[in-house]
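Novice: quick one: sequence plus predicted model below, questions after.
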Protein chains: 2
Amino acid sequence: MTNPAAAGLGAFFAPRAIAVIGASNDPGRIGGRPVDFCKAAGFAGPIYPVNPTRDEVQGLKAYPDIESVPGDVDLAILAVPSARVADTLDACGRRGVRAAVIFSAGFSEVGGAGAAAQAELLEIARRHGIRILGPNCLGFYSAASGACGTFTTGLEGGMPRRGRIGLITQSGAYGTHLLSMAKARRLGVAGWVSTGNEADVTVAECLAHMIESDDVGAVGLYMEGVNRPDMLIRALTRARELRKPVTIMKVGASEVGARAVQSHTASLAGSDASFQAVIEHYGALRAETTEEMFDTLYAATVAPLPAGDRLGILTVSGGAGVLMADAAEKHGLSVPPMPDASVEKLLERNPLASPRNPVDITAHALNDFDLIPDYLSEMMRVGAFDAYCAFFTSWTASPVLGPRLREALLGTLGDHDRPFALVGLFNEDQAAAYEDRGVLTFADPSRAVAALARLARLARGFDAAAPDALPEIAETRIAAGAMTEAAAKARLAEAGIACLPERVVTTADAAVEAAAEMGGGPVVLKILSPDIAHKTEVGGVALNLRGAGPVRAAAQRMLEEIPAKVPDARIDGLLVSPMAGEGVELIVGTHRDPVMGPMVMVGLGGVLAEVLKDVALARAPVTAEEALGLLARLRGGAILDGVRGRPGVDRKAVADVIARLSVLAAANADSVESIEINPLLARPDGAVALDALILPAAAEDG
Amino acid sequence: MTNPAAAGLGAFFAPRAIAVIGASNDPGRIGGRPVDFCKAAGFAGPIYPVNPTRDEVQGLKAYPDIESVPGDVDLAILAVPSARVADTLDACGRRGVRAAVIFSAGFSEVGGAGAAAQAELLEIARRHGIRILGPNCLGFYSAASGACGTFTTGLEGGMPRRGRIGLITQSGAYGTHLLSMAKARRLGVAGWVSTGNEADVTVAECLAHMIESDDVGAVGLYMEGVNRPDMLIRALTRARELRKPVTIMKVGASEVGARAVQSHTASLAGSDASFQAVIEHYGALRAETTEEMFDTLYAATVAPLPAGDRLGILTVSGGAGVLMADAAEKHGLSVPPMPDASVEKLLERNPLASPRNPVDITAHALNDFDLIPDYLSEMMRVGAFDAYCAFFTSWTASPVLGPRLREALLGTLGDHDRPFALVGLFNEDQAAAYEDRGVLTFADPSRAVAALARLARLARGFDAAAPDALPEIAETRIAAGAMTEAAAKARLAEAGIACLPERVVTTADAAVEAAAEMGGGPVVLKILSPDIAHKTEVGGVALNLRGAGPVRAAAQRMLEEIPAKVPDARIDGLLVSPMAGEGVELIVGTHRDPVMGPMVMVGLGGVLAEVLKDVALARAPVTAEEALGLLARLRGGAILDGVRGRPGVDRKAVADVIARLSVLAAANADSVESIEINPLLARPDGAVALDALILPAAAEDG
């Protein structure tokens, strides 16, 4: 038995020969389309139509069955009724076929018997070492080889313009829509795949394959669920190494959307927030809309990535300049000013200009066209810009002005290595003349700036690829089973997380003694029980107790009242600790996402985390450096720097706690459901856990 | 002297006759374009080219000067050098011209002498009762009359498709871009104006004029500053009455953008947040991007407005359905489920379907086309949907499926009165066939849903147009000049805003006595001085004082130490009040926006307002109902409903305070800079001002 993971996807995308089983002479039918498309796309190898009732299919010699096909066949396209798929696949296997596309529906997507039938297909495929795309998929298209193992209507009326964009989608219908939209927009496409039920080949594996290809510059994914998160992460990691942008649409972010996903696919949805955190961690971008995905792919395959976030704006309309500056701020690009000396020089050249940045040449450029190269070259010479956006409205499309403008801009840019987006109106040829020289064209200035900003985010993601090391923790294993607060804190302390000094006592007298030993300052008493997760609710927390009297009274009350209130709870005693003092309260926790695995989360304590959901999330483990990045993403993060006269807190100490907790979570992903420090008190000189909770995984997972 | 405000803009948009002064025989030149465009647009009245060197211009008889023109002239288009504008305008005035478009630049936009020259133009115009558009403008276009007082390149190559969209812009260059984009997108345009320097006619007055026209269904504004906020508000109020959607792009939202606006136009920018609050209050929508503005205008002129926010989603792709559900939640539309009985019925009809909402027919509709009318009619019959979005991917564009689909959809919809957006691929004719029947077409499903959501927001804005009455306040006038906290609170109390009972004392003994009279509970001492705005900073606040000893000590300390710390401050004594107890702290304030006038603001106290800028803003005065709307816009507003086991607070009482404060601010807009209640303590049984500050306007404003 061949290990299917060992065989790559080359037999799909660059097969030597293709057999179409169930081939039709009608190029409009499902079995006719792959033949028609392969011919139209210029597939160079032999195409063998298999059809027992015809000698010829669409001008090609046809064969009654796969056994009769004369040469080696790498790829078989199965356009046969679902009941015949298994036998056909088996015959293909015997014949030495290496890859099969299965269009037929009626498998795992209908559940029950369909799922069993799909399992049988996989078993047959594994036996023969065949890779399967589908079933219930629309197949794929490869521009380089001309192989079209698909019946998508997206290839009707011609192949897309050839280019460096790869598109991968689970959904057939939306995949067709993507292909049709890409064609309507004249985007350059290198390849397209629809994976359907993913019995074998997944979106993630297609991504891993595509990014290795020199033909592919950037990849767009459309997903409804994640079947192989490990493979997705490996592919994203590799894409980051190769600095190939990946942008992902994943539906199901909303409540009703997530419900609809469940009813639509067998994929487990997992938490949308976890998904987003993971892919962004590995340098991919989430796209919210189809146009946003296409804008990103277009920009990433036409223009270079910028080295930073500084945008130079060149315009002949003050208003458009302001509009682009607004968009820059909104999308996280900076708009630094030109140096004063240059501003003066450019003002001398055209006193009506506003050459600060946005650099507004004004419509005066119509009378003095050399202003355009003069201003742009000055921006390129002295301005510290990583990317440019220029607005020349309909001049770009004018028969007279258009060619002059192009000469002025492209002549000045030369062999530029920074992204440049030109906003104006363009017909196809006008746009192509710029794009061939690496210049992006847009009609909407806001959209142009947004696309440049996404390039900058992609570059930042790639540059952040060399993190510091994970914190070293001698013993990361956490024993299974329920754990008291004291045990949890002991475990965290061993892992290098500071906890308040504390003592476990079982009598009121011992509590008084422990409080005295802590220096006589105010103390906290907490009930200690593995069965009480929410201590406040049972009166199990007493704060700010000063002196023997109050400590004794509180201890006696808890030890008497709580066993009465919660008779089933095991009471291990009381925890005595000093009052923690001033600081900023955070909540740091880990949990297991059902799809993405162990995740670590940090939020500001109190209402900020609760009401405003102001939390940041990453897949565990994270390094301390990465944890600092999480803190930077908190909307209310300024509180950590001190507000209302308070001093700032030690962000590094907080980050260290997050990193250590994440290492514990990752090491115990099978036995621990969640770890929570709430609150973690951050102070100017460190961070200390005031409370901790470790929940074991439910038995069936442990 | 005629009052120019009395004369409307009819002489521009529907003139009986047009004179083009400085007319050129070359249709490409500035003076030639208006003649060429008027002919192309089919202007029916006489066009009189004025050119002293030619007998004929572009086939029309030319005249040496405006005096020689034979008939009455409503509109003169001045394409003459700036130095000749004043004389030409004067001649037009003597000749009885009612409106003039002035293209020439070199007026207020260059400052100094230009501003003076512009003032002279206005003086001439007022003397003759002529209305002026410009100077330094690109003029206007009216589809209904064919009048084209413009040289915009946006009309080159043909007029836009005729429709119900009005476009108004200050910027000439961006105005041209808007017109060109609208044409490229084949949007239906009723009229277009570029106002330039706005010596006389403003964007706001153009809006007021356009919305009264039956030809105009919705208006898009592009603004860089607001010259006549009063007129804008009147026009928006009227548009709301007429239920005609207005969507506004205003640039300068970012810091660098606002700076660039200042350098680009003479208009005062004001606060962007105030601008947005005001226009949304009057039912207009802010558009962030040009495409967003066009999507809104397109939707509002093709489809009816929805009565609510409930979206029905019909799809043949589960993924696209989820995508649209996600977009609905993001944009504030709800996606309510179909009734169970209907779900069962529809499942019986097609067991593969997911008919809950999103209602996924699945691609099975290809085999059974009647599924489409069956499912859609069931949704229309039993579903409580205010708007629909349907996804049929490239079926819409297919030569075979397209017409069948159109018949199925339009036949089922009949004379529908709810917005319906169809997502697919369309050529121009295919799109027009739907749009003629009031169905919107989009390629990107997210964009379709966003457009429907904006229609719903517009409808909500129109429906909210009948507010409750303003709170009645017997005496609203606030005396000019600085005011102590006690005086400010007394003023607020008179206006019906609850303040804590408090006493002013001048000795420590009196403080002890006052505290005792307040029932013996803990009290607060605060220093009372018109010169100390931030009491805490000088040690002028002592909280939670219980009993005579602590009260006396705190009072003595303040009365001794503060005069030493702040020797110039007048000390009026101490304020004694009871501790306020538990509640949610808010900040409620008013201030004067330099453009929009008095504004009222509410935010949650503490870090939420400070760090997260979680505040809501409206133009003062607001009614209590409107103030409730402000509270609903706070991101952290859930805190008001009680979190962490606390009870919810009395939102109505808070709203009443906001409304009363806003009435005070509006009544004293000339003498009061700001009023602030910080904190306002909201409790389950009311709201009470704990501190108040009234700042007088600076002397030059008072």
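Specialist: All right, it came through fine.
Novice: A:Pro162: what's it in contact with?
Specialist: Let me fix one detail, which is that residue A:162 is Arg and not Pro. A:Ala143, A:Gly188, A:Val189, A:Ala190 (CB atoms under 8 Å, 6 or more residues apart in numbering or on different chains). All C-beta atoms are positioned from the backbone trio N, CA, C, and that covers glycine.
Novice: show me which of these are buried.
Specialist: Taking 16 or more other CB atoms under 10 Å in any protein chain shown as the criterion, what is buried in the contacts of A:Arg162 is A:Ala143, A:Gly188, A:Val189, A:Ala190.
Novice: of those, closest to chain B?
Specialist: Chain B lies nearest to A:Val189 out of the buried ones among the contacts of A:Arg162, by CB to the nearest CB, at 15.5 Å.
Novice: nearest spatial neighbour of the closest one, chain-adjacent residues omitted?
Specialist: A:Pro160 (4.0 Å; CB to CB, 6 or more residues apart in numbering or on different chains).
Novice: helix or strand for that neighbour, which one?
Specialist: For A:Pro160, there is no helix or strand it lies in under DSSP states H and E.
Novice: that one and chain B, how far apart?
Specialist: Here A:Pro160 is placed at a distance of 13 Å from chain B (CB to the nearest CB, to the nearest Å).
Novice: next: A:Thr169.
Specialist: Counting by CB to the nearest CB, the gap from A:Thr169 to chain B is 8 Å.
Novice: what's the neighbour count on that residue?
Specialist: Per other CB atoms under 10 Å in any protein chain shown, the neighbour tally for A:Thr169 reads 28.
Novice: let me see the contact set for it.
Specialist: If a contact means CB under 8 Å, 6+ apart, then A:Thr169 has A:Gly175, A:Leu178, A:Trp192, A:Val193, A:Ser194, A:Thr195, A:Val203, A:Leu221, A:Tyr222, A:Met223 as its contacts.
Novice: test my guess that the fifth one contacts A:Tyr141.
Specialist: No. The pair formed by A:Ser194 and A:Tyr141 falls short of the contact definition of CB atoms under 8 Å, at 9.4 Å.
Novice: between the two, what contacts are shared?
Specialist: A:Thr150, A:Thr152.
Novice: for these two, indicate the residue with more neighbours.
Specialist: Set side by side, A:Ser194 and A:Tyr141 show more neighbours around A:Ser194, with 32 against 29, by other CB under 10 Å.
Novice: residues contacting the closest residue to chain B within the stretch 101-250 of chain A?
Specialist: In the stretch 101-250 of chain A, the residue that lies nearest chain B is A:Ala173 (3.2 Å; CB to the nearest CB). Applying CB under 8 Å, 6+ apart, we find A:Ala173 in contact with B:Val316, B:Ser317, B:Gly318, B:Gly319, B:Ala320, B:Ala363, B:Thr393.
Novice: just the pLDDT for the residue nearest to A:Val189.
Specialist: At A:Pro160, the model reports a pLDDT of 97.
Novice: is it true that it touches A:Leu187?
Specialist: Yes. Taking contacts as CB under 8 Å, A:Pro160 lies within contact range of A:Leu187: 7.0 Å.
Novice: any stretches of chain A with poor pLDDT?
Specialist: A:1-7, A:259-270, A:465-467, A:606-609, A:644-645, A:699-702 (pLDDT under 70).
Novice: most centrally placed residue in it?
Specialist: A:Ile279 (2.6 Å; CA atoms, centre = their mean).
Novice: with adjacent residues omitted, what lies nearest to that one?
Specialist: A:Ile248 (5.6 Å).
Novice: give the phi and psi angles for the one you found, as a check.
Specialist: Backbone dihedrals for A:Ile248, given as degrees, to the nearest 10, come out at phi -130, psi 130.
Novice: and for A:Asp650?
Specialist: phi -80, psi 90.
Novice: how many neighbours does it have?
Specialist: Counted with other CB under 10 Å, A:Asp650 comes out at 17.
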